[in-house]
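1. My questions concern the predicted model and sequence given below.
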Amino acid sequence: MSVRLLLETVAVAFLTAFLVTPLMRRLALAWGFVANPNERSVHTAPVPYLGGVAIFLAFLAASAVSGLTMHADVPALLLGGLAMLILGIVDDYRPLPAAVKFGGQIAIAAAVAWAGVSIDYVTNPFGGILELGAWGIPITVLWIVAIVNIINLSDGLDGLAAGITSIAAMTMLVSALLTGQPAAAVLLAAALLGSTMGFLPWNFNPAKIFMGDAGSMFLGYVLAAVAVEGSLKSPAIITLAVPVLALGVPIFDTAFAILRRWRAGRPIMEADRGHLHHRLLAIGLSQRETVLLLYCVSGWFAVGSLAIVRLPVLVSTMVLAFFGFTLYVAVHVLRLRVTPRSEQASGSDR
């Protein structure tokens, strides 16, 4: 893997996203893809939301320039990404029932796994390798759908999902280089990093354009796919642990939201304003301060994820325990307790 090819991949993705995003903004305004503020919104003015298309086009351009499309598994991954993007566009234009949206995600993930892009084995903690066999496909589907929805739920403030994805992509890129993962995994991470970074200047507060569900679902899909691609030639325990730690903030927020809604007797898929970023806003932080703080926390967990790549198992366990403890402390410092039953749902993020 040459440094030049790596830099070219990032540069092409960045420039394409940066130049195409304002064009997609104009198209979104012309076609009526606009998020109007309501009583549940954080934003206060209409904002177009076809940014996800710009991210996809940038990712596609970088894939073509880097030669990614020549790798055996990449065409199937790109088709799956396109399908996820289209599903998101439809949902952005006319919100789909949760069951339909979820079913579409499962179908896309299953098709990609069936095409051969699946997690086939994991490291046995007691030594050796555990072959997953027939379990490989359902585990891959669960992994992809989970990451898709985690990123989708994190898209609640200007620049939040794009920034966290950039941090995760950088982390996975470094991890892939350190662990000798396939060139496809390295270049996919590089293309994703450039795409999100090129989009971020237009999406950071005050956002001129949103990525929409199309963008957040596509980003989650690619993050999951990069990890799966990396696991094809290395034990999945490391390739999956790195993004899990790097995405520690949205993963915690999603788990907390599920528990909160379950304790309140509300549907798990029902939106509310109890997410981590809402709580930070409620204690007086501005949108920018909240997003920058969550960037810092995500970066902290990203460092922890890279620390386990080359460390012995015992030391890695200690590192994970330490980062788990910091999360526990953060929960109590910010008083992020499970919402009582009396709290009423107040709508979605935007």
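-> Now that the structure is in, tell me what you want to look at.

2. switch to C-alpha atoms for all contacts and neighbour counts from now on
-> Will do.

3. Could you list the low-pLDDT ranges of the stretch 101-250 of the chain?
-> Within the stretch 101-250 of the chain, the stretches with pLDDT under 70 are 121-130, 231-239.

4. Would you map the helices across it?
-> 136-154, 160-179, 183-203, 212-231, 236-246, 248-263 (DSSP state H, counting those that start in this stretch).

5. Show me what the second one is in contact with.
-> Translated: helix 160-179. 151-152, 154-155, 182, 185-187, 189-190, 192-193, 196-197, 199-200, 203-204, 216, 219, 223, 226-227, 230, 239, 242-243, 246-247, 291, 294-295, 298-299, 302-303, 305-306, 309 (Cα atoms under 8 Å, 6 or more residues apart in numbering).

6. if we can go back for a sec, as CSV, the helices of the stretch 101-250 of the chain with distance to residue 91 and mean neighbour count would be great.
-> Formatted as CSV, the helices of the stretch 101-250 of the chain follow (distance: least, Cα to Cα, whole Å; neighbours: other Cα atoms under 10 Å):
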stretch, distance to residue 91, mean neighbour count
helix 136-154, 12, 22
helix 160-179, 18, 23
helix 183-203, 20, 27
helix 212-231, 7, 27
helix 236-246, 26, 22
helix 248-263, 20, 19
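
7. I'd like those helices laid out as a markdown table, including distance to residue 3.
-> What follows is these, written out as a markdown table (distance: least, Cα to Cα, whole Å):
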| stretch | distance to residue 3 |
| --- | --- |
| helix 136-154 | 29 |
| helix 160-179 | 11 |
| helix 183-203 | 11 |
| helix 212-231 | 19 |
| helix 236-246 | 22 |
| helix 248-263 | 29 |
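
8. mind checking which of those is nearest residue 285?
-> Smallest distance to residue 285 across those (Cα to Cα): 14.4 Å, for helix 160-179.

9. could you dump the closest one to PDB, C-alpha only?
-> Below are the C-alpha coordinates for helix 160-179, written out as PDB (Å, rounded to 0.1, in the frame of the first residue of the first chain):
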ATOM      1  CA  LEU A 160     -22.200  15.300  14.900                       C
ATOM      2  CA  ALA A 161     -22.700  12.200  12.800                       C
ATOM      3  CA  ALA A 162     -20.200  13.300  10.100                       C
ATOM      4  CA  GLY A 163     -17.600  14.200  12.700                       C
ATOM      5  CA  ILE A 164     -17.900  11.000  14.700                       C
ATOM      6  CA  THR A 165     -17.800   9.000  11.500                       C
ATOM      7  CA  SER A 166     -14.600  10.800  10.500                       C
ATOM      8  CA  ILE A 167     -13.000   9.900  13.800                       C
ATOM      9  CA  ALA A 168     -14.100   6.300  13.500                       C
ATOM     10  CA  ALA A 169     -12.900   6.100   9.900                       C
ATOM     11  CA  MET A 170      -9.500   7.500  10.800                       C
ATOM     12  CA  THR A 171      -9.200   5.000  13.700                       C
ATOM     13  CA  MET A 172     -10.100   2.100  11.400                       C
ATOM     14  CA  LEU A 173      -7.700   3.300   8.800                       C
ATOM     15  CA  VAL A 174      -4.800   3.400  11.300                       C
ATOM     16  CA  SER A 175      -5.900   0.000  12.700                       C
ATOM     17  CA  ALA A 176      -6.000  -1.500   9.300                       C
ATOM     18  CA  LEU A 177      -2.500  -0.300   8.500                       C
ATOM     19  CA  LEU A 178      -1.100  -1.500  11.900                       C
ATOM     20  CA  THR A 179      -2.700  -5.000  11.600                       C
END
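
10. next one: that helix to chain centre, how far?
-> Counting by Cα atoms, centre = their mean, to the nearest Å, helix 160-179 is centred 10 Å from the centre of its parent chain.

11. Any idea how many residues pack against residue 325?
-> By other Cα atoms under 10 Å, 12 other residues sit near residue 325.

12. In which helix or strand does it reside?
-> Taking DSSP states H and E as the definition, residue 325 sits inside helix 313-333.

13. Tell me the secondary structure at residue 285.
-> Taking DSSP: H, G, I helix; E, B strand; the rest coil as the rule, one finds residue 285 in the coil state.

14. For it, grab phi and psi.
-> Backbone torsions of residue 285, given as degrees, to the nearest 10, read phi -80, psi 150.

15. For it, grab the count of nearby residues.
-> Using other Cα under 10 Å, residue 285 is surrounded by 15 other residues.

16. okay, it: pLDDT?
-> pLDDT, residue 285: 82.

17. State the distance from it to residue 8.
-> According to Cα to Cα, to the nearest Å, residue 285 stands 38 Å off from residue 8.

18. what mean pLDDT would you report for the helix holding residue 325?
-> Throughout helix 313-333, pLDDT has a mean value of 69.
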